[in-house]
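Chemist: build me a model:
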Amino acid sequence: METTTRLREATIADVPAIFAIRVSVRENSATMENLYKHGIDEQMVAGAITASGRGWIVEEGGRAVGFSIADQLEGSVFALFVRPESKGRGYGGSLLDAAVQWLFAKGFDCVWLAVGRNTRPSLLLEALVGLRRAMQNRMAILNWNFAAGFR
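Modeler: Below is the predicted model:
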């Protein structure tokens, strides 16, 4: 039996699922307490997907298994996470593509994504998409240009 998947825009009703996905990841892990300490709470995420940006959800069999959030103020992909048990199915790429295409449509010609240095996601993105990497502190700042053909 094949499981249905769907990529859709996130809504305020998705905020609890976004947090559940975020705390489920093993790389760049976080707890609710840690997220709150850094100002990432339900109100902030609701604003990030409705006012200062947009979010997307990947559902597998009706269950949210991944999300991305794009920030139109900074031209960045603020967050992109997939549940560990759902990795390797192309969901991260679909979520990244949705965020990047939305930012390009907003007029950005260069889009940013910050990821942990030398993590599997950062290395895969660099290899698969040919991103340019600049190291800052403990983060890899990945960027790509619309002109370079990221489509």
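
Chemist: low-confidence stretches in this structure?
Modeler: The chain contains residues with pLDDT under 70 at 1-2, 114-151.

Chemist: in it, which spans are helices?
Modeler: Per DSSP state H, the chain carries helices over the ranges 15-24, 32-37, 42-50, 91-105, 120-129.

Chemist: between those helices, which gets nearest to residue 61?
Modeler: Closest approach to residue 61 among the helices of the chain (CB to CB): helix 91-105, 12.7 Å. In short, each C-beta sits where N, CA and C put it, glycine included.

Chemist: which strands or helices does that closest one pack on?
Modeler: When contacts are defined as 3 or more CB pairs under 8 Å, 6 or more residues apart in numbering; DSSP states H and E, helix 91-105 sits against strand 5-9, strand 53-60, strand 63-71, strand 76-82, strand 110-116, helix 120-129.

Chemist: buried residues, that helix. List them.
Modeler: 91-92, 94-100, 102-104 (16 or more other CB atoms under 10 Å).

Chemist: and residue 95, what does it touch?
Modeler: 7, 56, 58, 66-68, 80, 82 (CB atoms under 8 Å, 6 or more residues apart in numbering).

Chemist: try 7 Å this time
Modeler: 56, 58, 66-68, 80 (CB atoms under 7 Å, 6 or more residues apart in numbering).

Chemist: returning to that earlier point: identify, from the buried residues of helix 91-105, the entry nearest to residue 38.
Modeler: Among the buried residues of helix 91-105, and counting by CB to CB, the member closest to residue 38 is residue 99, at 20.5 Å.

Chemist: and for the closest residue in space to residue 29 that isn't next to it in sequence, the neighbour number?
Modeler: Closest residue to residue 29 apart from its sequence neighbours, by CB to CB, 6 or more residues apart in numbering: residue 23 at 7.7 Å. By other CB atoms under 10 Å, the residues close to residue 23 number 15.

Chemist: how about residue 4?
Modeler: Residue 4, neighbours per other CB under 10 Å, totals 8.
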